[in-house]
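Q: Let me see the structure of the following:
(one chain, ligands or ions: 1)
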Amino acid sequence: MNSSDQFPLIVSVEALIVSLPRDTPYLGPLGEGEKVNSSGYVVRLGNRAIYPTRDTSVLIKITAEDGTVGWGETYGIIAPEAVMHIVQDVIGPVLVGRDPRDVTVIQEDLYDLMRIRGFFGGFYVDAIAGVDIGLWDLAGKLLKQPVVKLLGGQRQTKLPAYVSGLPGAALKDRVDLALKFKSEGYRAFKFHSVVSFDGIVKEMAALREALGTDVDLMVDLHWKFTAHEAIQLIDQLAPYRPLFVEAPCAPEDIEGQALVAQQARIPIALGEELRTVFEYRPRFEKRAMSIVQPEMGHTGISQFMQIGRMAHAFHMKMMPHASIGMGIYQAASLHAAAALPNVPMHEYQHSVLDRNLTYMKTTMTCTSGFFEMPQGHGLGIEPDPSLWQFLRN
Ligand code: MG
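A: Residues are numbered from 1 along each chain as shown. Next up, the predicted model:
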């Protein structure tokens, strides 16, 4: 394990929870009958899923013998203490003394620790993902290279961004928001069916009419439908020529996903809830989608790359998911996307990213329809000291 060339080894791994208040909840104002509970969460009645009303995230700080720090981040929007505890109790002590250049090997070793107990996903793999991102950042800094250069090479420095979610109380507000983004240079828009209070087909029609034919439109169906309901709905959406339809039916229903993908006239995208290539594998085999959407906060860089390469082997595209975070896993997602041959576009969480990047040190931006890759060694993003006013643990 130790290196003959005296490469700095890992001396500590910490997990830090940050939680930033929001004026408007993610996905937009609360609908009728939706209320915030004592943990600050709200159950969206449109898909019966729980969402936070703050931007909460788990940052991972990995320190090497020479004092160099790598920063990771994982998905901590609900129950972040679960992930923090796994990092501090299980993963951190195992990593002390390891060589940060062995990052993919370490990711596989961490996965093996708990597989006999059935932890193939969930909070355990989220914790691994955050550590994996932090290790890539640390390795890049110590090797004085951007992470993308360690992933096999860099295809681009900027990547088209699609606007995700059009939060607004009324349909007109949502259309107006899309028009504002179009005037700024954005050319692709996805709306969320959970808050399509006027109806999904009506919202798609209104957006197409207002935005014209020179933009791409997408809709996230949020796992709401049975396979045949989804096929019927997609038939109704088809005249408006969406670029893709996302998450039509329940994640457990792989046969249903495959049926939709075979029968729909519109490409199907899915995968934000999946964490490893093992979870994706049956969906590749059954061709249950045309586009994969891994979420870096769930996968980490090592698994994200495997999923992207497998998608390429199946001649599928990747349009990565973007969640609520401080920007570290967004940066990681851009590095990995830039190293893959099949990523034409990346999701842009405008209501989250812009605000939270004010508390980070990075050159990464999303403006005029494009993400600009962060510059510098490692991932090119670190917390600014101003972020620690929101530290929760
Ligand atoms: Mg989604």
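Q: how many neighbours does residue 386 have?
A: 11 (other CB atoms under 10 Å). For every residue, glycine as well, the C-beta is placed using N, CA and C.
Q: Check the one 3 residues further on too.
A: The number of residues packed near residue 389 is 9, by other CB under 10 Å.
Q: from now on call the first residue 39
A: All right, first residue 39 from here; so that's residue 427.
Q: and it, that one's in a helix?
A: Yes - according to DSSP: H, G, I helix; E, B strand; the rest coil, the state of residue 427 is that of a helix.
Q: Name all residues that make contact with it.
A: Remark: with contacts taken as CB atoms under 8 Å, 6 or more residues apart in numbering, residue 427 is in contact with nothing.
Q: for the one 3 residues further on, same thing?
A: Shown in contact with residue 430 (CB under 8 Å, 6+ apart): 55-57, 94, 118.
Q: rerun at 6 Å
A: 55, 57 (CB atoms under 6 Å, 6 or more residues apart in numbering).
Q: Against residue 367, how distant is it?
A: 18 Å (CB to CB, to the nearest Å).
Q: and what of residue 62?
A: 22 Å.
Q: For those two, indicate the residue with more neighbours.
A: Using other CB under 10 Å as the criterion, residue 62 and residue 367 rank with residue 367 on top: 31 against 13.
Q: in the stretch 89-238 of the chain, which spans are strands?
A: Secondary structure of the stretch 89-238 of the chain (DSSP state E, counting those that start in this stretch): strands located at 92-102, 107-112, 196-202, 226-230.
Q: Give the closest residue to residue 168 in space, chain neighbours not counted.
A: In space, and not counting its chain neighbours, residue 168 is closest to residue 112: 2.9 Å by CB to CB, 6 or more residues apart in numbering.
Q: Which residues are in contact with that neighbour?
A: Residue 112 makes contact with 96, 121, 164, 167-168, 335, according to CB under 6 Å, 6+ apart.
Q: let's see 8 Å
A: Contacts for residue 112 (CB under 8 Å, 6+ apart) come out as 95-96, 98, 121, 164-165, 167-169, 171, 335-336, 338, 367.
Q: what pairs with it across the strands?
A: On the basis of DSSP bridges, residue 112 is bridged to residue 96.
Q: pLDDT at it, what is it?
A: Looking at residue 112, its pLDDT is 95.
Q: Kindly provide the distance from it to residue 364.
A: For residue 112, the distance to residue 364 - CB to CB - is 11 Å.
Q: what residues are shared contacts of these two?
A: Counting by CB under 8 Å, 6+ apart, the common neighbours of residue 112 and residue 364 are residue 95.
Q: What segments of the stretch 289-431 of the chain are strands?
A: Assigned by DSSP E, counting those that start in this stretch, the stretch 289-431 of the chain shows strands spanning 306-308, 329-330, 355-356, 384-386, 398-400, 403-405, 408-410, 419-421.
Q: closest one to residue 175 among those?
A: In terms of CB to CB, the element of the strands of the stretch 289-431 of the chain nearest to residue 175 is strand 419-421, at 8.2 Å.
Q: Okay, angle between the helix ranked longest in the chain and strand 92-102 too, please.
A: Counting residues, the longest helix in the chain under DSSP state H turns out to be helix 160-181. Angle of helix 160-181 versus strand 92-102, following axes from the mean of the first three to the mean of the last three CA atoms, to 10 degrees, is 50 degrees.
Q: Quick one: list the elements packing against helix 160-181.
A: Contacts defined by 3 or more CB pairs under 8 Å, 6 or more residues apart in numbering; DSSP states H and E place helix 160-181 against strand 48-59, strand 92-102, strand 107-112, helix 118-124, helix 141-153, helix 185-188, helix 334-351, helix 366-376.
Q: Put the alpha carbons of that helix into PDB.
A: Presented in PDB, the C-alpha positions along helix 160-181 are these (Å, rounded to 0.1, in the frame of the first residue of the first chain):
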ATOM      1  CA  GLY A 160     -28.700   3.900  -0.300                       C
ATOM      2  CA  PHE A 161     -26.900   6.000   2.300                       C
ATOM      3  CA  TYR A 162     -23.900   3.700   2.400                       C
ATOM      4  CA  VAL A 163     -23.100   4.100  -1.300                       C
ATOM      5  CA  ASP A 164     -23.800   7.900  -1.100                       C
ATOM      6  CA  ALA A 165     -21.100   8.100   1.600                       C
ATOM      7  CA  ILE A 166     -18.700   6.200  -0.700                       C
ATOM      8  CA  ALA A 167     -19.600   8.600  -3.500                       C
ATOM      9  CA  GLY A 168     -18.600  11.700  -1.500                       C
ATOM     10  CA  VAL A 169     -15.400  10.100  -0.400                       C
ATOM     11  CA  ASP A 170     -14.600   9.000  -4.000                       C
ATOM     12  CA  ILE A 171     -15.100  12.600  -5.200                       C
ATOM     13  CA  GLY A 172     -12.800  13.900  -2.500                       C
ATOM     14  CA  LEU A 173     -10.100  11.400  -3.300                       C
ATOM     15  CA  TRP A 174     -10.100  12.400  -7.000                       C
ATOM     16  CA  ASP A 175      -9.800  16.000  -5.900                       C
ATOM     17  CA  LEU A 176      -7.000  15.200  -3.600                       C
ATOM     18  CA  ALA A 177      -5.200  13.000  -6.100                       C
ATOM     19  CA  GLY A 178      -5.500  15.800  -8.700                       C
ATOM     20  CA  LYS A 179      -4.100  18.400  -6.400                       C
ATOM     21  CA  LEU A 180      -1.200  16.200  -5.300                       C
ATOM     22  CA  LEU A 181      -0.400  15.300  -9.000                       C
END
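Q: Apart from its chain neighbours, what residue comes closest to residue 103?
A: Residue 103's closest residue in space is residue 46 (CB to CB, 6+ apart), at 4.2 Å.
Q: Would you mind confirming that the one you found makes contact with residue 104?
A: Yes - the pair residue 46 and residue 104 qualifies as a contact (CB atoms under 8 Å) at a distance of 4.3 Å.
Q: Now the common contact residues for the two.
A: Here residue 46 and residue 104 have residue 180 as joint contacts, going by CB under 8 Å, 6+ apart.
Q: which one of those two has more residues nearby?
A: Neighbour comparison, residue 46 and residue 104: the larger count goes to residue 46, with 17 against 11 (by other CB under 10 Å).
Q: Distance of that one relative to residue 239?
A: Separation of residue 46 from residue 239 (CB to CB): 57 Å.
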